[in-house]
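Asker: return a 3D structure for these sequence lines:
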Amino acid sequence: MRCEHHKTNYQTLKAEHTRLQDEYTKAQHELKRLHIDKQSTQEKFQLLLAELRGELLDKTREQEELKMQILTPQKLELLKAQIQQELEAPMRERFRKQEEEAERYRAEYNKLRYEYTFLNSELEHQKEEYKRLLDEKMIRFEAEDETMTSVNSETMTSVDDETMPSVDDETMPSVDDETMTSVDSETMTSVDSETMTSVDSETVPSVDSETMILLDS
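Answerer: Just a heads-up that it's a prediction; the model follows:
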């Protein structure tokens, strides 16, 4: 029983030892990686420090040179004026260009607004002209339609007057139907074709392609 107990303890200690060895190995690798990172960081820091020291030396030397130069009030004023001019010149040029660009945009806007107003008035004029022409054609068409209807009625009356003495009561309905059908078809065909041809030929040319595009838009 004790042997089994010692054996179990040995296996447990062996497993724990293996786990600790693995952790130790991982810790060694991590330490090595951190050491490499540290060296790399130190090298970068040393390079940066050297660069900054060089810049500091240059600035210090420049400062010493400037200190050695004695500026009189007149030279100081001239230097201030020169610096001010150097700083203000680009801004003035930039403002001038912006003013020119704004003026150009303003002129283009006024031009476009004028063109829009002109085209809008032209569109309204074309619409009114087209409506007037359409109304005139409709009035003319209605007048022609009334005339053709009157002519058709007179023709039917004349045909009825000419047909009735020569037929008896049995054939009258047949003659009336045939005569009315023939007269209606011939008269309305003539009236429709002539009237629509007149309306199309007079109305369509008066509306140009530009007006139709404006009306569609």
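
Asker: average pLDDT for the lengthiest helix in the chain?
Answerer: Using DSSP state H to define each element, the chain has its longest helix at helix 73-163. Helix 73-163 comes out with an average pLDDT of 88.

Asker: which helices and strands sit right next to it?
Answerer: The contact analysis (3 or more CB pairs under 8 Å, 6 or more residues apart in numbering; DSSP states H and E) places helix 73-163 against helix 172-203, helix 209-216. In this view, the C-beta of every residue, glycine as well, is placed from N, C-alpha and C.

Asker: the shortest one - what's its average pLDDT?
Answerer: In this model, helix 209-216 has an average pLDDT of 43.

Asker: same check on the longest one?
Answerer: For helix 172-203, the per-residue pLDDT values average out at 43.

Asker: so residue 9, which of the three states?
Answerer: helix (DSSP: H, G, I helix; E, B strand; the rest coil).

Asker: how far away is it from residue 16?
Answerer: 10 Å (CB to CB, to the nearest Å).

Asker: and residue 73, by the same measure?
Answerer: Taking CB to CB, one finds residue 73 at 85 Å from residue 16.

Asker: try residue 79
Answerer: On the measure of CB to CB, residue 79 and residue 16 end up 79 Å apart.

Asker: and if you look at residue 31?
Answerer: Residue 31 is 22 Å from residue 16, by CB to CB.

Asker: check residue 129 too.
Answerer: 105 Å.

Asker: which SSE is residue 23 in?
Answerer: Here residue 23, judged by DSSP states H and E, is contained in helix 2-68.
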